[in-house]
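In: sequence unavailable; structure follows:
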């Protein structure tokens, strides 16, 4: 079964900051699980053009790790009041991430 973490950001958060944070979270997963496992797991995400919405596929252990690290980064750098996150079961991530 597929599962997603859906993030919604306030306009205060720059898209570049979100992109840099997701890259850092994926790099963290590569350090923890190893690059081959991250690639085989197919970590996928989608960031909207306006940077207000991010979807991360959390149907694998690696994807869950990426979402947890990303959430921690955002809490620390953007502040908890500047984004919301919720987990949704049974939806697929659009291609492009």
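Out: Perfect, thanks for sending it. From a predicted model like this one, the values you see are computed outputs, not experimental measurements.
In: residue 46: how many residues sit nearby?
Out: 15 (other C-beta atoms under 10 Å). Every C-beta, even on glycine, is put in place using the N, C-alpha and C of the backbone.
In: ok, and the closest non-adjacent residue to residue 70?
Out: residue 25 (4.0 Å; C-beta to C-beta, 6 or more residues apart in numbering).
In: bridged to residue 8, which residues?
Out: residue 53, residue 84 (DSSP bridges).
In: and the gap between the residue of the chain most remote from its centre and residue 80?
Out: Ranked by distance from the centre of the chain (C-alpha atoms, centre = their mean), the top residue is residue 36, with 18.9 Å. Going from residue 36 to residue 80 by C-beta to C-beta, to the nearest Å gives 34 Å.
In: stretch 4-24: which residues count as buried?
Out: 4-5, 7, 9, 13, 17-18, 21-22 (16 or more other C-beta atoms under 10 Å).
In: give me the lowest-pLDDT entry from the residues you listed.
Out: Across the buried residues of stretch 4-24, the bottom pLDDT score, 92, is held by residue 13.
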